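A.B. asks: please find the sequence and the predicted model below.
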Amino acid sequence: MKRIFPTHPTNDPVIENPWQRLREFTDARIGLGRAGVSVPTKHLLAFQLAHAQAIDAVHTPLNATELIHQLTQQSWSPPSQPFRLHSRAEHREMYLQRPDYGRQLNKASEQTLEDHAYLSDETYDVAFVIVDGLSALAIEENVLPFLNELVPTLTSGPAPWTIAPLCIVEQGRVAIGDHVGELLHAKCVVVLVGERPGLSSPDSMGLYLTWGPKVGNTDAYRNCISNIRPAGLNYPEASRKARYLLNEARTKQLSGVQLKDRTDESVIEHDNDNNNFLITKKKT
Amino acid sequence: MTNNTTQFRFRHTVGERTFGFKSLAELMAKATPARSGDRLAGIAADTAEERAIAQMTLADVPLKLFLEELVVPYEQDEITRLIIDEHDAIAFAPISHLTVGGFRDWLLSDMATPSTLQKVRQGITPEMAAAVSKIMRNQDLILVSKKCHVKTAFRSTIGLPGHLSTRLQPNHPTDDLTGIAASILDGLMYANGDAVIGINPATDNVAQACRLMKMMDEVIQHYEIPTQSCVLTHVTNTIECIEQGAPVDLVFQSIGGTQATNDSFGFNLATLADAREAALSLKRGTVGDNVMYFETGQGSSLSANAHHNVDQQTCEARAYAVARKFKPLLINTVVGFIGPEYLFDGKEIARAGLEDHFCAKLLGLPMGCDVCYTNHAQADQNDMDNLMTLLAVAGCTFIMGIPGSDDIMLNYQTTSFHDAMYVRQALGLKPAPEFDQWLQHTHIFNDDQFTLNHKIPAAFEHSLTNMLKGN
């Protein structure tokens, strides 16, 4: 057998790992090689860049003006102007330390929605609440293409959904959707939120659905679709799951643990025996 | 601060001013070094001065009082009952006359030798450990931890002085077996995995857990690696896996320090007892029979709204009473995972890591640490380098090892395979002796035991060649 691995020490201070080619099977940072026992410069700096992007994703504010402008350009956009709302967390520092503030609207935003409900006698099947969460980047990149995929399929068909004015919330957490949904008298709320950024995924968006939104609802009342982004769960697939959950929720008039996502029943793929390459039968 | 002192259980006068504290729990919370979780709970000291006064007041509290004034009511909480009912008065005798402040002096003194510390262990309650930690500096926590020797074993011997083990954590966002195998190979080639090869499954159910257990068992057997595997799934899942005949080495569970916390996690002490019995019945250990693996972390009780207004560090220490009951092979605090609302920055994370390690070691547990942070905390790799190094000096039992510090499933950063090699080389620490022998025997290590061989070990060359050639 011809050797494909080095057998002699070299003068290069960086020792490469021949198994780095296994990276085609995982995003894990394997096969980095080493300088002594430490991470080589090139990989050290690549890590720093990824961390910098993740931190920027947490701290860069949402460009709400631009987002609202773009949303109103869409053919499916509800006729009334979107609401620009804010949580009780005044700034990011407060947001990070007071999760309870991020779950409630501030007084002004509360008033805005109360006024709307007072003046309007419309009822809504669903309210979309767009929340910066821990990654405004995730919202800026994914909200528009995702809603373009989902909303037209909801507003057409035999039982079209009526959609509340869009709500954009700054410094918000998932549960703020309940506050918004309750004030708008919406039957159902869909929260689109920037998820906690990972090193390899600073732009991941989450979707949380609640039937009968009400302040104080726990996670047990919510259904979640996670990792919505081109490199994760793509828009058509995420939209398909969301539509399934929405229709099921409307049929059963509930959401959360009693509503199971059965769009992918075969969770465990059929592994063939060769999947674990560390165990191979010796050929002579 | 007030002049009306009658309503206070504890009082401290400085000049003409008197500070008062209504209960032992309140006093302990106010004496705790500053952190965001206690502020979030509304139980932290209001000022730096109040904190310092609370520490002085706490230092005067007799250790005996912790057996009478219970921070979580006995009737409401099975962990309080465990702590009180199983307290060893004979072991406690040598330190029973001390105050919290006197206990610190005693721990640091030459009187507290490793063998003395081992003898008094069962006389120390989690609240006593938490209390004394609050008036100790980081170097105190390190020095006393180093004197607390805790040895456990399954297929490798963990916790011997001069050794530092690692958990190889080959997580994958879809539990893809090829991806997991690639990370396991990477870790083994970097001499990681002597504490456990432990996977957090992305899909958390019994079938998936069985599949991952089987895969790891095959690797361990094929290469005759003196280590153990674990799938970090819910304890009730693991019990089912055992019933279905899966090769379970270690039973995992996340645990908290109040009964209500553990209720929210979906288990109680009886569940853990059943699981331990089931795992012991498999008799899979070769050099020991410690079959449990626990994870903890400050903030879990508050997060579950189950903290009884007890500070998060004291709640954490109470989780060690749960762990101690079931003789684990491994336990680790996942110190920076919970986020900045509980531990705000690198400084708070480092302090918490040292406290958790100290309290657990003092109580006799094989404490390791997931030295970690999330991207919304004010922390970076340098903070992790600092804490990892401090913990290794303190004699920490094990740390995590993951490819390039990046957990692509759980989306956080922990210590890398390289980090473990760094800290072993910097401080002259060895892996578990059985694993160390295996590393030398398979030529992963050079003869000096601290540097890696640049060649692919013969045992792995065959499967790797096939894989890379695309067979």
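C.D. replies: Received the coordinates, thanks. Numbers count the residues shown, from 1 in each chain, chains lettered A, B, ... in the order given.
A.B. asks: quick one, strands of chain A?
C.D. replies: With DSSP state E as the criterion, chain A has strands at A:14-15, A:34-35, A:83-86, A:124-131, A:167-170, A:186-194, A:205-211, A:222-228.
A.B. asks: contact partners of the helix or strand containing B:Met28?
C.D. replies: Assessed by DSSP states H and E, B:Met28 sits inside helix B:24-31. Residues from elsewhere that reach helix B:24-31 (Cβ atoms under 8 Å, 6 or more residues apart in numbering or on different chains): B:9-10, B:21, B:38, B:41, B:43-45, B:50-51, B:54-55, B:57-58, B:61, B:65-66, B:69, B:71, B:127, B:130-131, B:134-135, B:308-311, B:314. Quick note: C-beta positions are derived from backbone N, CA and C, even for glycine.
A.B. asks: buried subset of these as a PyMOL selection?
C.D. replies: Selecting the buried subset of the contacts of helix B:24-31 in PyMOL, with 16 or more other Cβ atoms under 10 Å in any protein chain shown as the burial test, is done by:
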select buried, chain B and resi 10+21+38+41+43+44+45+50+51+54+55+57+58+61+66+71+127+130+131+134+135+308+310+311+314
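A.B. asks: for chain A, which segments count as helices?
C.D. replies: Assigned by DSSP state H, chain A shows helices spanning A:41-59, A:64-72, A:92-97, A:99-102, A:107-119, A:136-155, A:176-183, A:235-252.
A.B. asks: does anything pack onto the longest one? Which helices or strands?
C.D. replies: Yep, that's helix A:136-155 we're talking about. Helices and strands touching helix A:136-155, by 3 or more Cβ pairs under 8 Å, 6 or more residues apart in numbering or on different chains; DSSP states H and E, are helix A:41-59, helix A:64-72, strand A:124-131, strand A:186-194, strand A:205-211, helix A:235-252.
A.B. asks: and if you look at the second one?
C.D. replies: The helices and strands touching helix A:64-72, judged by 3+ Cβ pairs under 8 Å, 6+ apart, are helix A:136-155, strand A:167-170.
A.B. asks: tell me which of those sits nearest to B:Ile142.
C.D. replies: Checking those against B:Ile142 by Cβ to Cβ gives helix A:136-155 as the closest, at 39.8 Å.
A.B. asks: in the stretch 151-300 of chain B, which residue sits nearest chain A?
C.D. replies: B:Gly179 (3.5 Å; Cβ to the nearest Cβ).
A.B. asks: quick one: the nearest residue to A:Leu150 once chain neighbours are set aside from A:Val151, how far?
C.D. replies: Once flanking residues are discounted, A:Leu150 sits nearest to A:Ser239: 4.3 Å by Cβ to Cβ, 6 or more residues apart in numbering or on different chains. Distance from A:Ser239 to A:Val151, counting by Cβ to Cβ, to the nearest Å: 9 Å.
A.B. asks: more neighbours: which of the two?
C.D. replies: A:Ser239 (24 against 21; other Cβ atoms under 10 Å in any protein chain shown).
A.B. asks: related to what we said a few turns ago, worst average pLDDT in the strands of chain A?
C.D. replies: Mean pLDDT values for the strands of chain A show the minimum at strand A:222-228, a mean of 90.
A.B. asks: chain neighbours aside, what residue packs nearest to whichever residue of chain B sits closest to chain A?
C.D. replies: Per Cβ to the nearest Cβ, B:Gly404 is where chain B lies closest to chain A, at 2.6 Å. With sequence-adjacent residues excluded and distances taken as Cβ to Cβ, 6+ apart, B:Gly404 is closest to A:Arg29, at 2.6 Å.
A.B. asks: good, wrapping up.
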